[in-house]
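Enquirer: Quick one: sequence and predicted model below, then my questions.
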Amino acid sequence: MLIVLLISALVLILAIEVPRLIKEKLWKELAVFLFLWAAGSFVSLSVVLRIELPNPTDIINAIFAPGS
């Protein structure tokens, strides 16, 4: 039930924002909006589905760890 509510909210956000951006021909803003919307959607769906995402700090520490 929660996933249906989340997807409905995500689609509603798209339905409100995208037509205005297209109508005003704000292509760069549309691209940034869609990128951020997709990233937020991915994280939100991961939380709802209880999928563990890697911690970005762990990845950075692995790359820059001394002596590795």
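Expert: All right, it came through fine.

Enquirer: Do a quick rundown of the helices in this structure.
Expert: With helices called from DSSP state H, the chain shows them at 2-23, 27-48, 56-64.

Enquirer: will you turn those into a markdown table that also has mean neighbour count and mean pLDDT?
Expert: (Each C-beta comes from the backbone N, C-alpha and C, glycine too.) Shown next, in a markdown table, are the helices of the chain (neighbours: other CB atoms under 10 Å; pLDDT from 0 to 100):
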| stretch | mean neighbour count | mean pLDDT |
| --- | --- | --- |
| helix 2-23 | 12 | 96 |
| helix 27-48 | 13 | 97 |
| helix 56-64 | 9 | 88 |
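
Enquirer: ok, the closest residue to Ser46 other than its chain neighbours to Leu10 distance?
Expert: Distances taken as CB to CB, 6 or more residues apart in numbering put Leu53 closest to Ser46, at 5.5 Å, once the chain neighbours are dropped. Distance of Leu53 to Leu10, computed by CB to CB, to the nearest Å: 18 Å.

Enquirer: Gly40 too?
Expert: For Gly40 relative to Leu10 (CB to CB), the value is 8 Å.

Enquirer: count of residues packed around the closest residue to Val43 other than its chain neighbours?
Expert: Among residues not flanking Val43 along the chain, Leu53 sits closest, at 7.2 Å (CB to CB, 6+ apart). Counted with other CB atoms under 10 Å, residues neighbouring Leu53 total 9.
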